[in-house]
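Engineer: Pasting a predicted model and its sequence here:
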Amino acid sequence: MTAAVSPGGASAGPMLQVRDLHVRIATRRGTVRAVDGVSFEVPRGEALGLVGESGSGKSMTLRSILGVLPPEASVTAGQIVLDGQDLVPLGQNELNRIRGPKMSMIFQEPMSALNPVMRVGAQIAEGPMLHQGLSRGKAAERALDLMRRVGIPHPERRMRSYPHEFSGGMRQRVMIAIALSCEPEVILCDEPTTALDVTIQDQILRLLARLCRESGVSLIFVTHDLPVVAQICQQVAVMYGGRLAECGPVRDVLHDPRHPYTLGLVRSAPDFDNVRESLVPIPGAPPSLITPPDGCRFHPRCKFAEEDCQVIEPPMRPLPGGRATACLHYERTIESLEAERAGQSLTAAEDAS
Amino acid sequence: MSEQEPAMAAGGKGPLLTASKLSVTFTVGAAFGARIRKENFLLRAVDGVDLEIQRGEALAVVGESGSGKSTLARALTGIAPVTAGEMIFDGRKLAARRRGRDRRRIQMVFQDPYSSLNPRLTVGSMLSELLKVHKVVPRSEVESFSRELLSLVGLSDEALTAYPRQFSGGQRQRVAIARALALRPDLLIADEPVSALDVSVQATILNLLRDLRAELGLTLMLISHNLAVVRHLCDRVAVMYLGRIVEVAPTEELFSNPQHPYTQALLAAIPTLEPGSLDEEPAITGDPPSPLNIPSGCRFRTRCPLAEQICHDQDPELRAGPASAGHRAACHFAFAAAGAAAPAGGAGQD
């Protein structure tokens, strides 16, 4: 983990802090506790990966930060502190002054996030004109410069194109240019590479990593793809059933999990570098968030679960190395990992002899 | 589980399926309008594919979107019209319009389990309809055979009376696999069977496919863009680019010693759990060209770091390397010298 120098930040605290966030969605079948007491922080100039399966609450968390929850959902408790300011009580007008200059978002599907009847140059220039009062000409210059920075070839000509004339990867570059247009301090990314091919994904990840380094912007990167998180993020927070399961530096968490769910995720995904005889799926299905299980939400699927897991809601327990886990028996995870490694070195020794 | 020799296997009767010079072409928009605008309106989705599938093997076809891998699968299954080329299945040429038995013996599992099952049929009626139409088992045994199928894919008997909407994504994919297996196919083609599923569920379906292969001696063709999945499940891999197979080799050989520059770039682009450095230039720049407008000569030359004049002039053939006949690549510079063909960083910037 490299300690990034905060670029001209007035306060030295984290860029963004989410504290005890609760989001409820009203549905006909009952209230969904989509996010249930999630806390994390994003240090300045770093990228935080928010990982989880569908229904884990990661997208809802991201949407509440940006203030774009669907009408039936609302933040019922908690704080979202961006650079010292709590965003939760703010109205739409106040939020509009923050979205763009302070934070922006990159969506999964660039085709549905871009305006199909507006030239991309105008879409990139719109933010600077609205938020920074640039003239039309100055804003167009800014757009041209941004298109160059995100690697769109022939920007002078491409400015006048419409989104449908771009390929998926180029559209995502346009999205990134729009997100950067008002020089924000945090960019929220909702699975920005999931819809892309692997060679294009590689290009976009490298572009995002370079832009982060150059401009010192912080990222929140929502994805279900652990290898992508390993590549681009310094910190990772794993979500399960609307709660945080584990968080910490990305290398430690993915290689040395301290929560059975993280261990399960790492074991069930086929890893390109490490082919195992058989994948180990996590048994069962994710919990209903209308009537979540008592105690630890993962206990019905957890192989280490004990009786107390069914009653005690595990708090986030801080661990050395800037990590934290919401598991009452996280030592089991360590034991299991150690046993596995001992087994591996044993077979390796047998192979060698 | 290691099938190494692609040549005529002594035990069997040649490969299970051979496709030669297979092409599938679609017309895009109106031919007349395109002629006026002097544009190409023929989309060559599959453009002269030569492929052999051996009995009992698991063959993966990988490639990016638009490479024609799904169209190839559909052509082999008989649900996409073949424009040119021929297919020989189990020693017999397949007719353009397939008869019942030929249809039965090649079955497919689709990507999206939410749209590939009829929402108005229970799983039981879905299976019994199939079994009766194709007369797989006598009528009296339809129900017991359905139960057997469900237990094979790990579902309980209660599933017989349930509708697809009552299942989760992973369970639906199990139903889709049971449906494909109901006809006792020789070749099962799975088109991205796990990419619509959550990570923890993907593993169960991948393990199921692996077990079914071992149990039933099934020949499997897996279409995927996820090379980690492929490495886990398959014996042999074919890499597609713009409608053509550019490299084919046994899995570990392909991953350890890729010959085509596209394969090399594809492998370099896979993110792994090992935090890497994103500081260098990407292994491959630019987007794939449109299949409406395939470059002359080698179709990869527009993005290739090695491209030279010969690549512009001559379309490279899929040729075998000196070491083993099982490893073939369609590149003028393939198998040149050990390690000589490694591309050095991103040479072709935009």
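Structural biologist: Perfect, thanks for sending it.

Engineer: going forward, measure contacts and count neighbours with C-alpha atoms only.
Structural biologist: Noted.

Engineer: Flag every residue of the stretch 101-250 of chain B that's near chain A.
Structural biologist: B:198-204, B:206-207, B:225, B:227-229, B:231-232 (CA under 8 Å from any CA of the partner chain).

Engineer: Please identify which of those residues is nearest to chain A.
Structural biologist: Each of these was scored against chain A by CA to the nearest CA, and B:A228 proved nearest at 4.3 Å.

Engineer: Number of residues surrounding the closest one?
Structural biologist: 19 (other CA atoms under 10 Å in any protein chain shown).

Engineer: What strand or helix carries it?
Structural biologist: Per DSSP states H and E, B:A228 falls inside helix B:227-233.

Engineer: which helices and strands does that helix pack with?
Structural biologist: strand B:58-62, helix B:199-216 (3 or more CA pairs under 8 Å, 6 or more residues apart in numbering or on different chains; DSSP states H and E).

Engineer: Average pLDDT for that helix, rounded please.
Structural biologist: What helix B:227-233 shows for mean pLDDT is 88.

Engineer: repeat for stretch A:178-185
Structural biologist: 92.

Engineer: got a list of contacts for that stretch?
Structural biologist: Stretch A:178-185 has contacts (CA atoms under 8 Å, 6 or more residues apart in numbering or on different chains) with A:15, A:100-106, A:123-125, A:127-128, A:131-132, A:142-143, A:146, A:187, A:216-218.

Engineer: that older thread, let me know which of the helices and strands packed on helix B:227-233 is tucked in deepest.
Structural biologist: strand B:58-62 (a mean of 27; mean count of other CA atoms under 10 Å in any protein chain shown).

Engineer: Paired strands for that strand, with orientation please.
Structural biologist: strand B:219-224 (parallel), strand B:236-241 (parallel) (DSSP bridges).

Engineer: chain center to the last one, what's the gap?
Structural biologist: By that I understand strand B:236-241. Distance of strand B:236-241 from its chain centroid, counting by CA atoms, centre = their mean, to the nearest Å, is 8 Å.

Engineer: how about the CA coordinates for that strand, as CSV?
Structural biologist: Below are the C-alpha coordinates for strand B:236-241, written out as CSV (Å, rounded to 0.1, in the frame of the first residue of the first chain):
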residue,chain,number,x,y,z
ARG,B,236,-8.6,-28.1,-25.7
VAL,B,237,-9.1,-24.5,-26.6
ALA,B,238,-9.9,-22.7,-29.9
VAL,B,239,-9.5,-19.0,-30.0
MET,B,240,-11.7,-17.1,-32.4
TYR,B,241,-11.2,-13.6,-33.8
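
Engineer: Quick one: name whatever helix or strand follows that strand.
Structural biologist: In N-to-C order, the element after strand B:236-241 by DSSP H and E is strand B:244-250.

Engineer: Could you identify the helix or strand that succeeds that next one?
Structural biologist: helix B:251-256.

Engineer: Can you list the buried residues in that next one?
Structural biologist: B:251, B:254-255 (16 or more other CA atoms under 10 Å in any protein chain shown).

Engineer: Give me the three-state assignment for the spatially closest residue to A:K102 that is not a sequence neighbour.
Structural biologist: Residue nearest to A:K102 in three dimensions, not counting chain neighbours: A:P184, with 4.3 Å by CA to CA, 6 or more residues apart in numbering or on different chains. Secondary structure state of A:P184, per DSSP: H, G, I helix; E, B strand; the rest coil, is coil.

Engineer: So, low pLDDT: which residues of the stretch 201-350 of chain B?
Structural biologist: B:276-277, B:337-350 (pLDDT under 70).

Engineer: if we go to 50?
Structural biologist: B:338-350 (pLDDT under 50).

Engineer: What is the nearest of the buried residues of helix B:251-256 to chain A?
Structural biologist: Closest to chain A, out of all of those and judged by CA to the nearest CA, is B:F255, at 9.8 Å.

Engineer: give me phi/psi at the nearest residue to the closest one once chain neighbours are set aside?
Structural biologist: Spatially, and ignoring its direct neighbours in sequence, B:F255 is nearest to B:L267 (7.5 Å; CA to CA, 6+ apart). In terms of degrees, to the nearest 10, the main-chain angles of B:L267 are phi -70, psi -40.

Engineer: Run a quick neighbour tally on B:K21.
Structural biologist: B:K21, neighbours per other CA under 10 Å, totals 15.

Engineer: for A:G30, same thing?
Structural biologist: 11.

Engineer: Same question for B:L306.
Structural biologist: Neighbour number of B:L306 under other CA under 10 Å is 17.

Engineer: That one belongs to a helix, doesn't it?
Structural biologist: No. The assignment for B:L306, made by three-state DSSP, is coil rather than a helix.

Engineer: can you give me phi and psi for B:L76?
Structural biologist: The phi/psi pair for B:L76 (degrees, to the nearest 10) is phi -70, psi -40.

Engineer: what residues are up against it?
Structural biologist: By CA under 8 Å, 6+ apart, the neighbours of B:L76 are B:87, B:106.

Engineer: Equivalent analysis for B:E215, please.
Structural biologist: No contacts exist for B:E215 under CA under 8 Å, 6+ apart.

Engineer: cool, and A:A122?
Structural biologist: A:A122 sits in contact with A:140, A:143, A:159, where contact means CA under 8 Å, 6+ apart.

Engineer: Among those, which one has the most neighbours?
Structural biologist: Top of the contacts of A:A122 by neighbour count (other CA under 10 Å): A:A143, with 29 neighbours.

Engineer: most residues in a single helix of chain A, which one?
Structural biologist: helix A:330-352 (DSSP state H).

Engineer: Around chain B, which positions in the stretch 251-353 of chain A sit nearby?
Structural biologist: Within the stretch 251-353 of chain A, the positions near chain B by CA under 8 Å from any CA are A:251, A:254, A:264-265, A:268-273, A:275-282.

Engineer: where do the strands sit along chain B?
Structural biologist: Listed in chain order, the strands of chain B (DSSP state E) span B:17-27, B:42-53, B:58-62, B:84-89, B:92-93, B:106-109, B:187-191, B:219-224, B:236-241, B:244-250, B:319-320, B:328-329.

Engineer: avg pLDDT for the third one?
Structural biologist: Pointing back at strand B:58-62 there. Mean predicted lDDT for strand B:58-62 stands at 95.

Engineer: Could you do the longest one as well?
Structural biologist: The average pLDDT for strand B:42-53 rounds to 91.

Engineer: that older thread, can I get the helices and strands packed on helix B:227-233 in TSV including distance to B:D191?
Structural biologist: Shown next, in TSV, are those (distance: least, CA to CA, whole Å):
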stretch	distance to B:D191
strand B:58-62	9
helix B:199-216	13
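
Engineer: Looks like A:V42 contacts A:G49 (just checking).
Structural biologist: No. Checked against CA atoms under 8 Å, the pair A:V42 and A:G49 is beyond contact range at 9.6 Å.

Engineer: shared neighbours of the two, which are they?
Structural biologist: A:I220.

Engineer: Report the central residue of chain B.
Structural biologist: What sits nearest the mean C-alpha location of chain B, by CA atoms, centre = their mean, is B:I223, with 3.0 Å.

Engineer: which residues does that one contact?
Structural biologist: Contacts of B:I223 (CA under 8 Å, 6+ apart): B:60-62, B:69-70, B:73, B:189-192.

Engineer: cool, B:Q259 as well?
Structural biologist: So B:Q259 contacts B:247, B:329, B:331, B:334-335, B:341 (CA under 8 Å, 6+ apart).

Engineer: So which of these is the closest to B:L318?
Structural biologist: B:A329 (5.0 Å; CA to CA).

Engineer: Export the buried residues of helix B:251-256 as TSV, with columns for distance to A:Q79.
Structural biologist: Output for the buried residues of helix B:251-256, formatted as TSV (distance: CA to CA, whole Å):
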residue	distance to A:Q79
B:T251	51
B:L254	51
B:F255	48
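
Engineer: Can you give me the neighbour number for A:P89?
Structural biologist: 11.

Engineer: can you check B:R55 too?
Structural biologist: There are 21 residues near B:R55, going by other CA under 10 Å.

Engineer: With A:V81 instead?
Structural biologist: Neighbours of A:V81 (other CA under 10 Å): 18.
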